[in-house]
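Need coordinates for the below:
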Amino acid sequence: MLGIDPGSRLTGWGVVEERGVGLRHVASGTIALGARGAPAARLARLHAECLRLVGRWAPGAVAVERAFVARNVQSALRLGEARGAVLAAVAAAGAALHEYTPAEVKLATVGHGGADKSSIRRGVATRLGVGPRLSLDAADALALALCHLDRAPLARRIATALAREGTTR
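Numbering: from 1, shown residues only. You can find the predicted model right below:
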C-alpha cells in the first residue's frame, strides 16, 4: 500500500505492507520540490517522481488525501495542482486510487478527526514501530496508507453485499 500526501513544496510518501494480521513499514520519504523554478517544471517533476514510486513499489493501491478547503486561495490552488500531478501519475501507472479526507485519516490513525501533525506522527510511529525522526510529511503519507488498510476490508464487504443485493432484486 502506497500513501501519498501531496504538497506544492514537499510531498510525503510511504509504503506499508500487510503481514498476516500485522502491518510493516517498508519505506517512506519526501519529494522536495522547493519554491524556486517554474511551477510547471516542479509539477512535471512531482508527476515523474510519483510514477517512479508506483513503478518501484508496485502497490496494490495508492491512497491520496482528498482536497480540502483552505483559507488562502493561492495555497488551495497550488495544492490542487500538486494533487492533479499525483492523481495523473497514479492513473498513468494504472494503480487503483483511493482518496480520504484529512478527518478520516486522523480518525483512523489516532482516534479523533482533530489531531495535529505531531499526534499523527506519534500514532504512525506507534502503529508501525518507526522512530520519532519520521518527517511530518512522510508520517501523513503513512497515515493515508494505514487509513486505507483499516477501511479496505469493510469497503470490500459493503461492495459485495451491494452487488448481491443488486442481483437479487
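
other SSEs contacting the longest helix along the chain?
Identified as the longest helix of the chain according to DSSP state H is helix 136-168. Packing contacts for helix 136-168, counted by 3 or more Cβ pairs under 8 Å, 6 or more residues apart in numbering; DSSP states H and E, involve strand 2-5, strand 10-19, strand 22-32, strand 62-65, strand 97-100, helix 102-110, helix 117-128. Placement of C-beta: from N, CA and C, glycine included.

any idea which of the ones you listed is most buried?
Most buried of these by mean neighbour count (mean count of other Cβ atoms under 10 Å) is strand 2-5; its value is a mean of 30.

per-residue confidence averaged over that one?
Taken as a whole, strand 2-5 has an average pLDDT of 98.

Please apply the same query to stretch 43-60.
pLDDT averaged over stretch 43-60 equals 97, rounded to a whole number.

between the longest helix of the chain and helix 102-110, how many degrees?
Using axes from the mean of the first three to the mean of the last three Cα atoms, to 10 degrees, the direction of helix 136-168 lies 100 degrees away from that of helix 102-110.

And helix 136-168, what's buried?
The neighbour-count check on helix 136-168 (16 or more other Cβ atoms under 10 Å) flags 136-150, 152 as buried.
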